[in-house]
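In: Need the 3D shape of this:
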Amino acid sequence: MGLPLDASGLDLTASFHDSCTARFEKSVQASVRHIAKVGGLDLREMKYHGKKSLCCGEGGGACFIAPGLIQEWKKKRRQEMDGQLILTYCAGCANFIGSKETAHILDLIFPPKPGSSKKVKAAKAPFTYLYRLMLKRWAKKNIQAKVFRERAKK
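Out: Residues are numbered from 1 along each chain as shown. Sure, this is the predicted structure:
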């Protein structure tokens, strides 16, 4: 698709954390993995992925109900990857898992400017929203879609 992702120089092994909202969305899961592979990432699957993915606890507010359980899930994720990169395509998961080895796929598509650290890390607000706008602008310019839906202005 021509996305500006080039991770070939980063020498990274990564795995995707599938969010709860995309747990049963096989096409979404396959698409982000395809983008990462084409971009040069070495991917491996964690034990709990796809429909068996662990919840990060952010979306459903599980952190308020069972904070100890959430910490155990985060610990499992980190142990599964053993210091390697955990990628996600959910801004909530990227920030909530929040380890130094966690990043959003857009953090690789729109990396920091040259000369800055090559360390990949999850962006924080307001940059998460900026990356979404940058991706939308890039898609409108580079993808010849029959229909692009916009939110209706009230």
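In: Now do the same contact list for the residue sitting nearest the centre point of the chain.
Out: By CA atoms, centre = their mean, the chain has its centre lying nearest to Thr88, at 2.4 Å. Applying CB atoms under 8 Å, 6 or more residues apart in numbering to Thr88 gives the contacts 16-19, 94, 97, 102-105. Every residue, glycine included, has its C-beta placed from N, CA and C.
In: Which parts of the protein are helices?
Out: Ranges of helices in the chain, per DSSP state H, are 26-38, 62-65, 67-81, 91-97, 105-109, 127-142.
In: measure Ala103 to Gln144 for me?
Out: 29 Å (CB to CB, to the nearest Å).
In: Name the residues of stretch 73-83 that come out as buried.
Out: Within stretch 73-83, the residues scored as buried using 16 or more other CB atoms under 10 Å are 73-74, 77-78, 80-81.
In: do the same with stretch 50-67
Out: So, applying 16+ other CB under 10 Å, buried residues of stretch 50-67: 50, 53-58, 62-63.
In: how about those in TSV, adding pLDDT?
Out: Conversion of the buried residues of stretch 50-67 to TSV gives the following (pLDDT from 0 to 100):
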residue	pLDDT
Gly50	90
Ser53	86
Leu54	80
Cys55	80
Cys56	81
Gly57	78
Glu58	78
Ala62	78
Cys63	76
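In: That's all I had, so thanks and see you.
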